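Engineer: My questions are about this predicted structure, shown below with the sequence.
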Amino acid sequence: MAFSKEQKTKLIAQYTEWINRSQGMVALSYNKMTMKEIDTLRAKVRETGGELHIVKNTLMKLALDEVGISNKEIFEGVSLVGFAFQDAAGLAKVISESTAKSEIFAVKGGYLGKEMLNASQVKALADLPPLPVMRGMLLGTILAPASKLVRTLAEPARGLAAVVKAYSEKGAVAAA
């Protein structure tokens, strides 16, 4: 389908906006794909707070130029791009799970911020725990020294209480 110069300009502006809003992007190649399969994958991507779009490679490369990304070799052939507006690792996980059991999709690579990722790096990103779990792990790490300090400070009082309790029970047994 031929696009007019005005339509191309609008598409480049749209791609640029998506790139600027996203934390990361994952590019897929898709062959022998039906719209039903694309829509299924789009629904899964939407659950992670992202979007999945079929892009025109030449226009996408121009949009990448506008945002200052020079590595664009993943945009060859047909491209389906997932944009992570909330959770880049979640998007990578959904796409990796979909491509692992599919002969239709194949991960070409992606970007995390403005850094290019190859397919194996996208897989590594997908293996990260979800964002809430990562936050919990970080919080646990930050709170661990404080918890240990509180336990250390409370231990002498706990020991003294145990001695007093044992002494009082000894006195109660002797009186009986």
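Structural biologist: That came in fine, so what should we check first?

Engineer: Scan the protein for its longest helix.
Structural biologist: When the chain is parsed with DSSP state H, its longest helix is helix 131-175.

Engineer: Quickly note the distance from the closest residue to residue 96 other than its chain neighbours to residue 141.
Structural biologist: In this structure, residue 96 finds its nearest non-sequential neighbour in residue 126, 3.8 Å apart by Cβ to Cβ, 6 or more residues apart in numbering. To be clear about C-beta, it is placed using only N, CA and C from the backbone, and glycine gets the same treatment. Here residue 126 is placed at a distance of 23 Å from residue 141 (Cβ to Cβ, to the nearest Å).

Engineer: who has more neighbours, the two?
Structural biologist: residue 126 (21 against 9; other Cβ atoms under 10 Å).

Engineer: how about that one, phi and psi?
Structural biologist: phi -70, psi -30 (degrees, to the nearest 10).

Engineer: correct me, but it touches residue 99?
Structural biologist: No: if you go by Cβ atoms under 8 Å, residue 126 and residue 99 don't touch, sitting 9.7 Å apart.

Engineer: what about the residue nearest the centre of the chain, which helix or strand?
Structural biologist: What sits nearest the mean C-alpha location of the chain, by Cα atoms, centre = their mean, is residue 89, with 1.6 Å. Using DSSP states H and E, residue 89 falls within helix 88-100.

Engineer: The very next helix or strand once past that helix versus helix 88-100: what angle between them?
Structural biologist: Past helix 88-100, further along toward the C-terminus, the next helix or strand under DSSP H and E is strand 105-112. With axes from the mean of the first three to the mean of the last three Cα atoms, to 10 degrees defining the directions, strand 105-112 sits at 160 degrees from helix 88-100.

Engineer: Give the residue spans of the chain that score low on pLDDT.
Structural biologist: Applying pLDDT under 70 to the chain flags the ranges 1, 172-176.

Engineer: All set now, cheers.
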